[in-house]
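> pasting the sequence and the predicted model now:
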Amino acid sequence: MSVLVQREAAAIREEWLGWALSTLPADRPAAEAAISGLYRLIDLAPPRFHWVSSPVAALVTVPPGIRPRPSEAVERMPEWPLPARFAALMRALCRELDGRLRWVHQPMDQLIRLRVRGSLSRSADGTVRRPLRLADGSGSRANNLWYGTQCPSWVAHYDALRRAAGVVFTPEQTRHFDLWAAVARSCGSWWPREGVCVVSERPVSVRTEVWGVDGEVRLHCPDGPAIRYADGWDTHAWHGTTVPSWVIKDPSVQRIADEPNVEVRRCAIEHIGWASYIGRAGLRLVATAPDPGNPGADLRLYDLRGETRVLLAVNGSVERDGRRRQYGLTVPGFLDDPVAAAAWTYGLSAEQYSLLVRRT
């Protein structure tokens, strides 16, 4: 693939990432027109639209004048017939578009699939699809397939093939594809039933950080909700990990001690800062030693709980702000030597770890 095509594909990826993270109000006329077009493709009349402010509102809302069948209750969403039909429609279109790829386009398809589709899928999983999973709560494969159908990553993939790699679609394929693309650009998630479709507005605030080699992003906000909707429903996140609001708003030694989830505890401690947390919690220093894998830095081993200890280390690589971050790792309580504790985190012996030139 030429450098020019790679650059154009990257620009298309960023364009679709912008749509995925958009906090603009939904373009309701465009969304309704495109969804109506998709209904027609499965031989159904356009639905009546019911707009809600967030995914959680969508899942608890029964549109006025609708008496849903027992099988269309929210808790039985995997049994709804229309999401499965639309997902099948999308898969059929993808197979047709894949059929337009001649052998000369195969290397481009592979790279675009990796650098555009894969990157956007990871970004969507780490941002806007997170609230959907939290709101839904079921974690069912059928629901995940439906939300995946709405993910802009597959749309961006074929858009990049069309615009950057020169793959030509038939007029009918273009018409069908443009309907999906219009929905992805116009609104949040949607839940189709016969006769009515519930559509969510976009969030009003999204806070992210870049974390991947292809510009992938994940939810992160150190001082408030990472994603918030107009009705007040929000999600807090620390470097991509969903956390209770107290981790961001008011982390404390006591709350950390009471928290059963190890990842939530880790995030709260990182927010306070490992050194500060160790001082506030009054952890006993077991031992300290120079770090063989990071010359000039020390390893410090502290008692945390009866069967657990904390190894305080310094990152071997420089952060974006030019500093080396201190971080803590939980290790088994039987370890008394900081070097052995560091080696344990890598699955090495103390002697093997001591031979490392430099860790990252």
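Thanks, I have the structure now. Numbers count the residues shown, from 1 in each chain.
> okay, how far is it across stretch 237-246, tip to tip?
End-to-end distance of stretch 237-246 (CA to CA, to the nearest Å): 11 Å.
> so which bits of it are buried?
Neighbour counts using 16 or more other CB atoms under 10 Å place 237-238, 240-243 of stretch 237-246 among the buried residues. Every residue, glycine included, has its C-beta placed from N, CA and C.
> make CSV out of those and add pLDDT.
Shown next, in CSV, are the buried residues of stretch 237-246 (pLDDT from 0 to 100):
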residue, pLDDT
Ala237, 96
Trp238, 96
Gly240, 93
Thr241, 94
Thr242, 94
Val243, 96
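> tell me which two of these sit farthest apart.
Across these, the longest distance by CB to CB is 10.2 Å; it joins Gly240 and Val243.
> one step back: in TSV: the buried residues of stretch 237-246, plus distance to Gly188.
Formatted as TSV, the buried residues of stretch 237-246 follow (distance: CB to CB, whole Å):
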residue	distance to Gly188
Ala237	18
Trp238	24
Gly240	21
Thr241	23
Thr242	18
Val243	23
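> hmm, Val314 and Trp274 touching each other?
No: taking contacts as CB atoms under 8 Å, Trp274 lies outside contact range of Val314: 10.2 Å.
> run the chain-centre distance for the one helix or strand Thr242 maps to.
Assigned by DSSP states H and E, Thr242 falls within strand 241-243. Strand 241-243 has its C-alpha centroid displaced from the chain centroid by 11 Å (CA atoms, centre = their mean, to the nearest Å).
> quick one: terminal-to-terminal distance for stretch 245-256?
Terminal-residue distance, stretch 245-256 (CA to CA): 13 Å.
> what residues sit buried inside it?
Buried-residue list, stretch 245-256, by 16+ other CB under 10 Å: 247-248, 251, 253, 256.
> one more: stretch 340-360?
Of the residues in stretch 340-360, 340-344, 348, 350, 353, 356, 359 count as buried by neighbour count, 16+ other CB under 10 Å.
> do stretch 102-109 as well
Quick answer for stretch 102-109 (16+ other CB under 10 Å): 105, 108-109.
> got JSON lines for those residues, with pLDDT too?
Shown next, in JSON lines, are these (pLDDT from 0 to 100):
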{"residue": "His105", "pLDDT": "74"}
{"residue": "Met108", "pLDDT": "86"}
{"residue": "Asp109", "pLDDT": "90"}
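> looking at these, which is nearest Ser36?
Asp109 (31.1 Å).
> point to the residue nearest the middle of the protein.
Ranked by distance to the mean C-alpha position of the chain (CA atoms, centre = their mean), the top residue is Gly126 at 1.0 Å.
> phi, psi for that residue please.
Phi and psi for Gly126, reported as degrees, to the nearest 10, are phi -90, psi 0.
> my guess is Gly273 contacts Gln326, does it?
Yes: with contact defined as CB under 8 Å, Gly273 counts as touching Gln326 (7.4 Å).
> quickly list what's touching both of these two.
Common neighbours of Gly273 and Gln326, using CB atoms under 8 Å, 6 or more residues apart in numbering, do not exist here.
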